[in-house]
Every structure is written in structure tokens, then in C-alpha cells.
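Engineer: 3D model of this:
(chains A, B and C)
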Amino acid sequence: MENMFQDFTTESAIFENKEVLRPNYIPENLPHRAKQIKSLADILSAALKGETPSNIFIYGKTGTGKTATVKYVSKELEEMGEKTSSKCSLIYINGEIFDTQYRVFAYIARAFNKHVPMVGWPTDMVYLEIKTGIDGGKKCVIVILDEVDKLVSKGDEALYNLSRINSELNNSRLSIIGISNDLTFMELLDPRVRSSLSEEEIIFPPYNANQLKDILGERVEKAFNSSVLDGEVIPLCAAFAAQENGDARSALDLLRVSGEVAERSKSKKVTEEHVRLASEKMEKNRIIEVVKTLPVQSKIILNTVIRLNKANAKRRFSSGEVYNTYRKLCSHLKIEALSQRRVSALVSELDILGLINAAIISKGRYGRTREISLSVPEESVQHALVGYCELETLSTIKLKTQVALCGYEKWE
DNA sequence: CCTCCACCGGAAAGCCGGGTCA
DNA sequence: TGACCCGGCTTTCCGGTGGAGG
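Structural biologist: Sure, this is the predicted structure:
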């Protein structure tokens, strides 16, 4: 009998190397980031002259090339450092994974071959280890804190201690590069830490459609077999992503998924049609993800809108209608209904998430209200609620709610 | 031009589960 | 262990408002 994986072992007709399209792949060329690369290199070049580079704060939305740029520049710097034998070492830390002061410190200590367990020691002891580690040889240490906002959300001691470590060192110097896609966290910082972290700032603006086209173009040669892409594929991917928010990551994702769609349909080429299918598929997944993680009450409200949609020819409903139906649904589910004010707030949240539309209109004598309508296909939401139901194994009341939510049975 | 509907959305306080500290 | 704090969620209170109808 033929092995069931037989089909999957044959060479791909579409992809040459799919990894090139993954977000963590660092290309040799970063289009449209020359300015940022130069600023970063200028600042860090101090390390090669034996001086201390300023601390740097890097800001930009997701998929604007922050991490790629920093990794690219630090690789170059390390190479040059070895050639010129000026000692400098870079330590890359992702704040999402190392999200407490202790973990960050332990990780840094390990970079200096100190045997620090990932849990257990008093923090100041680890701090001491780092200090002696860094100070061991005369050199320059640059700590890169990616997603630094995640780290700060649990307290700013880590940043505070790192930024003042220089005053306790004799031989070496330490600089910090903080990377974030969120500016609000700066307010949580001690003013001294804030100003020391942002001695220099580099901004990464979103890409436009043309720039995204260049980025995709840069990678297709390695990623795809020659001439499997139709001419319109790249511009279309770029346009879709630019429309969203100029996010290179999602542009690359879209291109990859388009290829996968083409591959699965046994096509020899990736066409415009495949991109559209891929885009639809990704959008659907996004919706499912969002709906699944919604709090129960928001799900009930969403469900209310769907029920209204099913029961009426019209597609728009006033806040009052939605709230009344919501109350009925709640009493049917034997769940305490929220106040009108609260439901109004949750409706706003659903609006921001893009699941429903809620625009304020005035009907003159007949009051002012929001017109609420579903802004995504009915089936994809329903699909998500059903999917959630299957996974839900919590308390019986919750389970009952979920079952009722996907059942759509009449209750009056 | 004024009224008044039916709701919006800010402010503030209450509640609750979880974590911390002495 | 109990006092206390914190953050998220919710309620209560209430001032605000665009425009059809008078």
C-alpha cells in the first residue's frame, strides 16, 4: 500500500525555500530602511572606537522591520568587532519570553558563562554576577531588549537597574537598545529611566504599497521556484497589506499562504485568484480567533445581532432593539443581563474589533441611537462560536451557554 | 425656533478574585 | 492569617445631543 505521506515527500512545485517568507528570517538586504540602518550604525559605531554608544529606543508598528534591522546591524557590528579586535558583544533578549527582571538578568549572566539557574537565586546575586561578568574584560556590551513593553508591564526595575549599572563598572560599558511597538508604556517608566533609555530614538514608519512590493520582490527569488508567480501576485499582496497597516509581516504571510493555496490545488503557478483565496482564508481565521477569545457577554451580544439578522429582512438595528433582544436571550440562557450602559460599551468594543458596525444616527423626534449591523459574514462568526463550543469544557453553566449560542434554536 | 426623544459616553464608585505583606 | 492593595469588570448617575415635528 502506498504510504499516506507519499504525496508530501515529493519536491514542491511552487516553493524553493519557504523559510525565507517566515517573519524571523533576516534577509541580506532591507529595502527602504537605509536611513534607520545608518542612524543605528552611526550610534553603535562608538562601540568600535572604545566609547559607550548612547542608549537607543526604537519605535514602530508590527512588521515595520525593527527586529530585522537591529539583528542585521548587530551582526555586522559583531563581525567588524572581531576584525578590529575591539571587544563588543551583543545580547538579544525578547521581552515576551524573558518577561521578568530575574529572567532577563539570568539570561544576561548566562551570556557570560555564569551558571545561574533560571529560577531560585536572589535577584541581587544575579545582578552581581552580571556586573562581574561584564566587567571581566574591557569591552562594550549592548543589550537589545525586544518587545520591551512586555517586560515593563511587570515593573520597570529591570530597566532601572540595567541603566544604572554603568556607574558601578570599572572596565566595561553597557548600552541598551529598547524595541517596542507601543509607546504608552513609556508613561509607566520612572522619568529617569525614560530619559536614559531614549537618549537616541529611531522611528520605523509603516511601509506603503510600493515599498512592500520591493520587500516581497527581494525574497521571492529565494522563496519560490523560478517564474511560478503570476505578474499580479506581488502587487496584489503588497496592496492588501498596505491597505491594512503597511505591515511587512502580513504581506509575507499572505504571499506564503497564497503559495500554499496554489500548491494544495495542485496548480503549477500562483495566480491572483490564489491570493484572493488566501486573503479570504486569513481574514476568516482572524475573525475566528477574535470571536473565540471574546468574553462570554460579548459573545452573547454578537449572537444577539446574528439572531436579529436571521429574523429580520433589514440588516440594521437600533441600540434599543439590540438591548431588548439581548435581555430576552439572557433570560432564556438563565444568565444575568448587563446594564444598558455596559452593553453600550461592549458594542463599542465589538465595533472597534471590526465585527460589527455601530454608527450614531439621529432620528429626530424619535431620538438618537446607534445603528448596529454585522460587518463580517454571518457564517464565519457562527463558525467561530461553534468551534468554541466544541473546545469549551468549563463549568456547566458556561457550557450550556455555549451550546445555546451555537444552537440558534427559538426561545420564545 | 424650540422641544424632546432615545440613546451616548464620561466620571466615579462598588464588587470581586487574586496577590502581597507583616 | 487577616489587612490591604490592585486591576478588571460592572453599575449608577447624569450631563449632552442631532434633528423631526410642532
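
Engineer: quick check: the spatially closest residue to A:Glu168 that is not a sequence neighbour vs DNA strand C, distance?
Structural biologist: Nearest residue to A:Glu168 in three dimensions, chain neighbours excluded: A:Lys131, at 6.1 Å (C-beta to C-beta, 6 or more residues apart in numbering). All C-beta spots, glycine's among them, are computed from the backbone N, C-alpha and C. According to C-beta to the nearest atom of the strand, to the nearest Å, A:Lys131 and DNA strand C sit 30 Å apart.

Engineer: now swap in A:Gly95 and tell me
Structural biologist: 17 Å.

Engineer: ramachandran angles for that residue?
Structural biologist: Comment: the main-chain dihedrals of A:Gly95 come out as phi -70, psi -10, following degrees, to the nearest 10.

Engineer: quick one: list the elements packing against the helix or strand harbouring the residue nearest to A:Glu168.
Structural biologist: In this structure, A:Lys131 sits in helix A:123-135 according to DSSP states H and E. Using 3 or more C-beta pairs under 8 Å, 6 or more residues apart in numbering; DSSP states H and E as the contact definition, the elements that helix A:123-135 packs against are helix A:101-111.

Engineer: show me the strands in chain A, by range?
Structural biologist: Taking DSSP state E as the test, the strands found in chain A are A:56-60, A:88-94, A:140-146, A:173-180, A:200-204, A:317-318, A:356-362, A:368-374.

Engineer: quick check: angle from the helix holding A:Lys131 to strand A:140-146?
Structural biologist: Relative orientation of helix A:123-135 and strand A:140-146, computed by axes from the mean of the first three to the mean of the last three C-alpha atoms, to 10 degrees: 130 degrees.

Engineer: now do helix A:123-135, average pLDDT.
Structural biologist: Helix A:123-135 shows a mean pLDDT of 79 in the predicted model.

Engineer: okay, buried residues for it please.
Structural biologist: Of the residues in helix A:123-135, those scored as buried under the neighbour-count criterion (16 or more other C-beta atoms under 10 Å) are A:126-131, A:133-135.

Engineer: output the lowest mean pLDDT helix or strand found in chain A.
Structural biologist: Least confident element among the helices and strands of chain A, by mean pLDDT, DSSP states H and E: helix A:396-407 (a mean of 49).

Engineer: and the pLDDT for the nearest residue to A:Thr67 once chain neighbours are set aside?
Structural biologist: Spatially, and ignoring its direct neighbours in sequence, A:Thr67 is nearest to A:Asp146 (5.8 Å; C-beta to C-beta, 6+ apart). We have a pLDDT of 91 for A:Asp146.

Engineer: A:Phe98 is in contact with A:Asp146, correct?
Structural biologist: No: with contact defined as C-beta atoms under 8 Å, A:Asp146 and A:Phe98 do not form a contacting pair (9.7 Å).

Engineer: and the closest residue to A:Arg173 other than its chain neighbours, what does it touch?
Structural biologist: Closest residue to A:Arg173 in three dimensions, ignoring its sequence neighbours and counting by C-beta to C-beta, 6+ apart: A:Thr52, at 4.0 Å. With contacts defined as C-beta atoms under 8 Å, 6 or more residues apart in numbering, the neighbours of A:Thr52 are A:46, A:140, A:166, A:173-175.

Engineer: what about A:Thr52, distance to A:Pro191?
Structural biologist: Using C-beta to C-beta, to the nearest Å, one obtains 22 Å as the distance from A:Thr52 to A:Pro191.

Engineer: list the helices and strands the lengthiest helix in chain A packs on?
Structural biologist: Ordering each helix of chain A by length in residues (DSSP state H) puts helix A:272-292 first. Contact partners of helix A:272-292 among helices and strands, from 3+ C-beta pairs under 8 Å, 6+ apart: helix A:233-244, helix A:248-264, helix A:378-391.

Engineer: now do it: distance to the chain's middle.
Structural biologist: Its chain's C-alpha centre and that of helix A:272-292 lie 17 Å apart, by C-alpha atoms, centre = their mean, to the nearest Å.

Engineer: distance of the residue nearest the centre of chain A from DNA strand B?
Structural biologist: By C-alpha atoms, centre = their mean, chain A has its centre lying nearest to A:Thr62, at 5.9 Å. Note on A:Thr62: its distance to DNA strand B, by C-beta to the nearest atom of the strand, is 26 Å.

Engineer: what about the closest residue to that residue other than its chain neighbours, how many neighbours?
Structural biologist: Spatial nearest neighbour of A:Thr62, excluding adjacent residues (C-beta to C-beta, 6+ apart): A:Asn181 at 5.3 Å. Close neighbours of A:Asn181, defined as other C-beta atoms under 10 Å, add up to 15.

Engineer: wait, isn't A:Asn181 in contact with A:Ile58?
Structural biologist: No: with contact defined as C-beta under 8 Å, A:Asn181 does not reach A:Ile58; the gap is 9.6 Å.

Engineer: list residues touching both of these two?
Structural biologist: A:Lys66.

Engineer: can you pull the contacts of the closest residue to DNA strand C within the stretch 201-350 of chain A?
Structural biologist: Residue nearest to DNA strand C within the stretch 201-350 of chain A (C-beta to the nearest atom of the strand): A:Arg342, separated by 3.1 Å. A:Arg342 makes contact with A:Gln297, according to C-beta under 8 Å, 6+ apart.
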